[in-house]
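> dropping a prediction and its sequence here:
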Amino acid sequence: MALSGARRDGMELRIHESLEELSTDLADYISDLSEATIKERGTFCIAISGGSLVSLMRTLSQAPYIKTIEWAKWHIFWVDERVVAKNHADSNYKLAKDNFLSKIPFIPSHLHSINDSLTAEKAANEYEFVIRQLVRTRVVGVSEISDCPRFDLILLGMGCDGHVASLFPNHSVLDEENEWVSYIIDSPKPPPERITFTLPVIQSSANVAVVVTGSNKADMVHLAIDDVGPECPSVPAKMIQPINGKLLWFLDEPAASKLGGATQNSV
Ligand SMILES: O=C1O[C@H](COP(=O)(O)O)[C@@H](O)[C@H](O)[C@H]1O
């Protein structure tokens, strides 16, 4: 049984007893959002991260979702990517492909992966250009508030240091205000070269879900979610607050174990 509750700024929290339960709830959430968005806009633009989140998406490629989701209406993007070949063990594209993309009937031209034959800078520029074209043709929505794309759903994980996407604590890329896609060449977590959505793009999304599991992340979950005061160190995950969208955290019990305050409802 999951616990669910509201937190600061309308943030919703869902805490699960097992990874299996979390994976099923995540699949239900994505499937419901996909259905509602396709009814409203005709397409569903989802951006996925790498890391432990990806194996939790495997339920999407199973019954009933494999039959019920309108996969042909999906456009799939990456929130961040490592500058390695697509068949490299560190590639976020490969991770998604191996875990679930190879099992779902998406339209190949709707898969907007990041070019692995370019330098980090050129690949970031090319990726941003692709997104600009899709915004121009209204495949991707546009924010009414910022000059940014409005993805229907951005899925984030969080590292033990509080990083989301490839936005690391105290890194200057966190201050990027103009670019939609940026690159770094000094990631504290290997590999060093990465391409990433910037904070304004994440904040402009219609929905952001942050998926975090494991007791090794409990301290950082506490810093990111609880009101811990001004002495709090730079925690990129804490900065995530969609301007005109919904924020939902999916946690397992070990990751939620250091949270303060009550989480009310059984769902
Ligand atoms: O390097 C990355 O790390 C984060 C978190 O990964 P996790 O394995 O600790 O869950 C991930 O969200 C990001 O996409 C990835 O590039």
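Yep, that arrived. Residues are numbered from 1 along each chain as shown.
> residue contacts, residue 199?
Contacts for residue 199 (CB atoms under 8 Å, 6 or more residues apart in numbering) come out as 167, 174, 176, 236, 239. To be clear about C-beta, it is placed using only N, CA and C from the backbone, and glycine gets the same treatment.
> ok, the residue of the stretch 151-267 of the chain found nearest the ligand to residue 164 distance?
Proximity of the stretch 151-267 of the chain to the ligand (CB to the nearest ligand atom) peaks at residue 157, 2.9 Å away. From residue 157 over to residue 164 the distance is 7 Å, taken as CB to CB, to the nearest Å.
> give me the common contacts of the two.
Contacts common to residue 157 and residue 164, judged by CB under 8 Å, 6+ apart, are 49, 210.
> between those two, who's got more neighbours?
Of the pair residue 157 and residue 164, residue 164 is the one with more neighbours under other CB atoms under 10 Å, namely 29 against 23.
> ok, for the more buried one, nearest residue in space, not its chain neighbours?
Leaving aside its sequence neighbours, residue 164 sits nearest to residue 156 (CB to CB, 6 or more residues apart in numbering; 4.6 Å).
> quick one on the thing from earlier: and the contacts of residue 199 as JSON lines, adding neighbour count and secondary structure?
Converted to JSON lines, those look like this (neighbours: other CB atoms under 10 Å; DSSP: H, G, I helix; E, B strand; the rest coil):
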{"residue": "167", "neighbour count": "26", "secondary structure": "strand"}
{"residue": "174", "neighbour count": "16", "secondary structure": "helix"}
{"residue": "176", "neighbour count": "18", "secondary structure": "coil"}
{"residue": "236", "neighbour count": "25", "secondary structure": "helix"}
{"residue": "239", "neighbour count": "15", "secondary structure": "helix"}
